[in-house]
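Undergrad: sequence first, predicted model second:
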There are 2 protein chains.
Amino acid sequence: MYYVGIDLGGTSIKAGLVDENGKIIRKATCPTLVERGARPVVDDMAKLVLEVCAQAGVSLDDVKAVGIGLPGIQDPRTGHVPFCTNLYWHEVPVIEWMQETINKPIFIDNDATVAGLAESVAGVSAGIKNSVFLTLGTGLGGGIVLNGKVFSGTHGVGSELGHMITVEGGELCTCGNRGCWERYASATAIIRMGKAAARENPDSLILKSVNGDESAITARTVIDAAKAGDPTALKVFDEYVYHLCAGLVGIINFIDPEVIVLGGGVSHAGQFLLDAVRAKLPSMVFYKTMPYARIELATLGNDAGIIGAAMLGR
Amino acid sequence: MYYVGIDLGGTSIKAGLVDENGKIIRKATCPTLVERGARPVVDDMAKLVLEVCAQAGVSLDDVKAVGIGLPGIQDPRTGHVPFCTNLYWHEVPVIEWMQETINKPIFIDNDATVAGLAESVAGVSAGIKNSVFLTLGTGLGGGIVLNGKVFSGTHGVGSELGHMITVEGGELCTCGNRGCWERYASATAIIRMGKAAARENPDSLILKSVNGDESAITARTVIDAAKAGDPTALKVFDEYVYHLCAGLVGIINFIDPEVIVLGGGVSHAGQFLLDAVRAKLPSMVFYKTMPYARIELATLGNDAGIIGAAMLGR
């Protein structure tokens, strides 16, 4: 049996035919073109399902289910997607529309949740019963796998890990609160801190490496400068790692997963990030003499969205 | 079939014979006398098991299991209790010692976890699959029930909800971090804030109601003064409720339980607390238009420890 996974983002729709073990057989993609509204986007998702099957020479009869990972949630009361970040969707009946063409069980979940599921099936947390996946990107998304299954909570509003408050009264968040973890542990946070530090230390490598153009500073600029030993960048990086660990400690003390997987743009800092986090955590966890979650880097990269979405139907 | 539940605290050991439905048939108690060391305390726990059975005329053959709730954890690697808050225990083989007298399956879990289980069997969250229980007392303990079962995590170090960091850089915590939720949402936090406010506002009802003796201020002093409309106390209470909600929002956005149960000393503020929390949460949760966890008060009071411990073996 096969599964089709769809990774719906603000820029592109990616679909893949995936086998039982989470291996991608065939991929296809098209631009999202958000401005055309929800219906044509959903129609294109259905077309991509047929396309990957046709290209792989697999009949739709051999596809057990279709899964969709998207930057939003499904309302379990209505089955609709009430909204999607950056897609301007409002109460979209995705499954109904898809099933007009694709007469299959269709499952929907959050993109970070789906990426976490992918890692737990075919990635770094494969075979692990309890894991938490984090996308450290523009925002900070979370995916929870408990007893081998995606856990999105009772009302489907869980795993929004970026919106744990770690700095009461801190930076204003898009959700209306101040001090959400996302404001301090996302790539966006590194950029904000990096720019502020560069302004105060104009001689730092951060600013030099973008030829003095502050607006060109990315998370990578800061991380690369830190890797090169620039003191200003190292200070920003240390501060970032502390903010990241403040939330990681909350996750560990709360649900005590076996593994926490770091994904998203910041995770490309690789071993440099991993070493820093692993060095800081032991003094911060509650039970100092007991084992706690291993921290690992995501391994599936951009394919995680397709694989995890496909695995929703498994 | 019957179960015996033991609630081990720093002051007293309470045991109860409990039926399948979490109803207490018979209770017995004795002082803990911490200073005598672990072995006599464990021996007394075993004696209390026999005592409640004898008093109820129930043979030990009709007891399926014994459960113990204590202010610590069990190390799943060794079966030992590595330590207990206020009991000065170090690597105590509780189950081995108990089974020298009581040849039954024996289960151990954290006191807050056990109280949460009790509420989910015979209390306010009865029949609810996913719930989080909080003891707002000297510290802030947590109990998690997922799919109707106690969830203590992979390594047994989970549900330490008081040690999520909500105020980075804030008050120093016993765990070594700064800004743990416990420092801001426990009874101890109300006392600290109440004393500081009373110092700044010596005319407040807080200080009047303890005849000017700041050291006599309790959480109840502050809450009662707030209920009476004292502006200083109301300000402290509002601030406390915000701190409490900052962590509740983290729980909701993280594992999205169906119910969050407030127990412990502060919960005796009753409807006054419940109304304040329920009024503040809607603007703080991430998904403003989706349902989220009901907030409820614990109903089992002091019996929760016995009932929940007994239910560990069910």
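TA: Good, I have the coordinates. Note that the structure is predicted; figures quoted are calculated from it, not measured.

Undergrad: and the nearest residue to A:Val18 once chain neighbours are set aside, how many residues sit next to it?
TA: Residue nearest to A:Val18 in three dimensions, not counting chain neighbours: A:Ala310, with 3.6 Å by Cβ to Cβ, 6 or more residues apart in numbering or on different chains. For glycine as for every other residue, the C-beta is placed from the backbone atoms N, C-alpha and C. Neighbours of A:Ala310 under the rule other Cβ atoms under 10 Å in any protein chain shown: 37.

Undergrad: from what I can see A:Ala310 touches A:Lys14, true?
TA: No: contact status for A:Ala310 versus A:Lys14: not in contact, 11.3 Å apart, counting by Cβ atoms under 8 Å.

Undergrad: by how many degrees do the one helix or strand A:Val145 maps to and strand B:140-146 diverge?
TA: For A:Val145, the host element (DSSP states H and E) is strand A:140-146. Angle, strand A:140-146 to strand B:140-146, by axes from the mean of the first three to the mean of the last three Cα atoms, to 10 degrees: 60 degrees.

Undergrad: contacts for whichever helix or strand comes after strand A:140-146?
TA: Tracing the chain C-terminally past strand A:140-146 and defining elements by DSSP H and E, one meets strand A:149-150 next. Outside strand A:149-150, the residues within contact range by Cβ atoms under 8 Å, 6 or more residues apart in numbering or on different chains are A:109, A:113-114, A:116-117, A:143-144, A:312.

Undergrad: just the residues you listed that are near chain B?
TA: Filtering the contacts of strand A:149-150 for proximity to chain B by Cβ under 8 Å from any Cβ of the partner chain leaves A:Ile144.

Undergrad: what's the weakest-modelled helix or strand in chain A?
TA: Every helix and strand of chain A was ranked by mean pLDDT, DSSP states H and E. The lowest is strand A:149-150, at a mean of 92.

Undergrad: and that one, which strands flank it?
TA: Using DSSP bridges, strand A:149-150 pairs in its sheet with strand A:140-146 (antiparallel).

Undergrad: contact partners of the partner strand?
TA: Strand A:140-146 has contacts (Cβ under 8 Å, 6+ apart) with A:110-117, A:120, A:125, A:128-135, A:150-152, A:158-162, A:181-182, A:185-186, A:255, A:257, A:264, A:308, B:146, B:254-255.

Undergrad: filter these down to the buried ones.
TA: Buried residues within these, counting neighbours by 16 or more other Cβ atoms under 10 Å in any protein chain shown: A:110-117, A:120, A:125, A:128, A:130-135, A:150-152, A:158-162, A:181-182, A:185-186, A:255, A:257, A:264, A:308, B:146, B:254-255.

Undergrad: so A:Glu171 sits against A:Asn177, correct?
TA: No: under the criterion of Cβ under 8 Å, A:Glu171 makes no contact with A:Asn177, lying 9.8 Å away.

Undergrad: compare neighbour counts for the two and give me the winner.
TA: Per other Cβ under 10 Å, whichever of A:Glu171 and A:Asn177 has more neighbours is A:Asn177, with 24 against 15.

Undergrad: show me how far the strand holding A:Val145 is from its chain's centre.
TA: Counting by Cα atoms, centre = their mean, to the nearest Å, strand A:140-146 is centred 8 Å from the centre of its parent chain.

Undergrad: likewise stretch A:233-247?
TA: Counting by Cα atoms, centre = their mean, stretch A:233-247 comes out at 20 Å from the chain centroid.

Undergrad: how about that stretch: buried residues?
TA: Judged by neighbour count (16+ other Cβ under 10 Å), stretch A:233-247 contains these buried residues: A:233-234, A:236-237, A:240-247.

Undergrad: those in helices, which ones?
TA: Judged by DSSP state H, the buried residues of stretch A:233-247 include A:233-234, A:236-237, A:240-247 as members of helices.

Undergrad: for the residue of the stretch 201-314 of chain A found nearest chain B, which non-adjacent residue is spatially closest?
TA: Distance from chain B to each residue of the stretch 201-314 of chain A (Cβ to the nearest Cβ) is smallest for A:Asp256, at 2.3 Å. Of all residues not flanking A:Asp256 in the chain, B:Gly153 sits nearest, at 2.3 Å (Cβ to Cβ, 6+ apart).

Undergrad: try A:Val210
TA: Leaving aside its chain neighbours, A:Val210 sits nearest to A:Ala216 (4.0 Å; criterion: Cβ to Cβ, 6+ apart).

Undergrad: and A:Pro76, by the same measure?
TA: Nearest residue to A:Pro76 in three dimensions, chain neighbours excluded: A:Gly156, at 4.9 Å (Cβ to Cβ, 6+ apart).

Undergrad: measure the residue lying closest to A:Leu60 once chain neighbours are set aside to chain B for me?
TA: Closest residue to A:Leu60 apart from its sequence neighbours, by Cβ to Cβ, 6+ apart: A:Cys53 at 5.7 Å. According to Cβ to the nearest Cβ, to the nearest Å, A:Cys53 stands 34 Å off from chain B.

Undergrad: same check on A:Ile73?
TA: 7 Å.

Undergrad: ditto for A:Glu168
TA: 5 Å.

Undergrad: please name the bridge partners of the nearest residue to that residue once chain neighbours are set aside.
TA: In space, A:Glu168 comes closest to B:Val167 once its chain neighbours are excluded; the distance is 4.6 Å by Cβ to Cβ, 6+ apart. Each beta-bridge partner of B:Val167 is listed here, defined by DSSP bridges: A:Val167.

Undergrad: show the pLDDT at B:Val167.
TA: On the pLDDT scale, B:Val167 is placed at 98.

Undergrad: how about the contacts made by the residue of the stretch 1-150 of chain A found nearest chain B?
TA: Distance from chain B to each residue of the stretch 1-150 of chain A (Cβ to the nearest Cβ) is smallest for A:Asn130, at 5.0 Å. Shown in contact with A:Asn130 (Cβ under 8 Å, 6+ apart): A:145-147, A:255-259, B:153-154.

Undergrad: let's see that with 6 Å instead.
TA: Residues near A:Asn130 by Cβ atoms under 6 Å, 6 or more residues apart in numbering or on different chains: A:146, A:257-258, B:154.

Undergrad: for B:Ile6, state which of those is nearest.
TA: B:Thr154 (25.7 Å; Cβ to Cβ).

Undergrad: let me see the backbone angles for that closest one.
TA: When read as degrees, to the nearest 10, the backbone of B:Thr154 gives phi -80, psi -40.

Undergrad: return the residues of the stretch 101-250 of chain A in contact with chain B.
TA: A:130, A:153-155, A:157-158, A:160, A:163-168, A:175, A:177, A:246, A:250 (Cβ under 6 Å from any Cβ of the partner chain).
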